[in-house]
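Asks: Give me the fold of what follows.
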Amino acid sequence: MKESTFNPAQQEKDISSKIVAGMERISEVFKILLWEKAKLVGLSPIQIQILIFIAFHKQSLCNVSHLAKEFNVTKPTISDAIRVLDKKGLILKDFSSADSRSYSITLSELGTGIVSETYNFSYPLKKQIDGFSPSELESLFGTLSQLIYKLNRNGILTVQRTCYGCKFYEKDNENDYCNLLQKELSNQEIRLDCPEYEEKASS
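Replies: Residues are numbered from 1 along each chain as shown. You can find the predicted model right below:
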């Protein structure tokens, strides 16, 4: 119990515990902002997240199986959310794949309208982050991108599309390099959600 990251005494002697506790506070902010926006349009947070994801990602990722991995929930949970969104006329199902039981999901015109009302739910958080200096932002981003990669490699985070886990990425003499773009990447050019991401083969 004493070694808990949520024990103030533990935080005072271990900065990693302080950081974890701080990240938990920030995750609460994210949930609060999402809930506030969801209530305005009469949807649940996961339904809002699904609509926003569909709006900004390629169709091959917009299916029940991938969405379950993306949001770390079960397929039945995603299926229930999809059923509600379909009933409300916010999405369209595309059964054009070889398997007649599977389908990809696109936004309807009504769904696109809902996204335009909700996609900016995180702006209050972004506004605060915008206040940091360029060097602080670059340092923070570098740490976050590495943390996301490590959490994915340890099986805690199911899905990630950051450069570090991509087959096109390599480290060359301490420099980051993308073989798809055929260019060296600065720290701020490292992507967290790359449209061209392809998972690196396990070594």
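
Asks: going forward, measure contacts and count neighbours with C-alpha atoms only.
Replies: Noted.

Asks: residue boundaries of the helices in this structure?
Replies: Using DSSP state H, the helices of the chain run over 8-13, 15-41, 45-56, 64-70, 75-87, 109-118, 123-129, 134-153.

Asks: Quick check: which of those helices is nearest to residue 196?
Replies: When the helices of the chain are compared by Cα to Cα, helix 45-56 sits nearest residue 196, at 13.3 Å.

Asks: Remind me what the closest one packs against, helices and strands.
Replies: helix 15-41, helix 75-87, strand 104-107, helix 109-118 (3 or more Cα pairs under 8 Å, 6 or more residues apart in numbering; DSSP states H and E).

Asks: on that earlier part again, may I see the helices of the chain arranged in CSV, with mean pLDDT, mean neighbour count and distance to residue 181 as well?
Replies: Below are these laid out as CSV (pLDDT from 0 to 100; neighbours: other Cα atoms under 10 Å; distance: least, Cα to Cα, whole Å):
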stretch, mean pLDDT, mean neighbour count, distance to residue 181
helix 8-13, 83, 14, 43
helix 15-41, 92, 15, 33
helix 45-56, 96, 19, 21
helix 64-70, 92, 18, 25
helix 75-87, 96, 16, 34
helix 109-118, 96, 16, 31
helix 123-129, 95, 11, 28
helix 134-153, 90, 14, 19
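
Asks: Could you export these to TSV, including columns for distance to residue 195?
Replies: Output for those, formatted as TSV (distance: least, Cα to Cα, whole Å):
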stretch	distance to residue 195
helix 8-13	38
helix 15-41	24
helix 45-56	10
helix 64-70	14
helix 75-87	22
helix 109-118	20
helix 123-129	22
helix 134-153	16
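
Asks: For residue 178, find the nearest of the ones you listed.
Replies: Closest approach to residue 178 among these (Cα to Cα): helix 134-153, 15.7 Å.

Asks: Mind listing residues that contact that closest one?
Replies: Residues outside helix 134-153 that contact it (Cα atoms under 8 Å, 6 or more residues apart in numbering) are 129, 157-160, 162, 164-165, 187-188, 190, 192.

Asks: can you rerun that using 7 Å?
Replies: Helix 134-153 is contacted by residues 157-160, 162, 164-165, 187-188, 192 when judged by Cα atoms under 7 Å, 6 or more residues apart in numbering.

Asks: Please pick the buried ones from these.
Replies: Buried by 16 or more other Cα atoms under 10 Å: 157, 159-160, 162, 164-165, 192, out of the contacts of helix 134-153.
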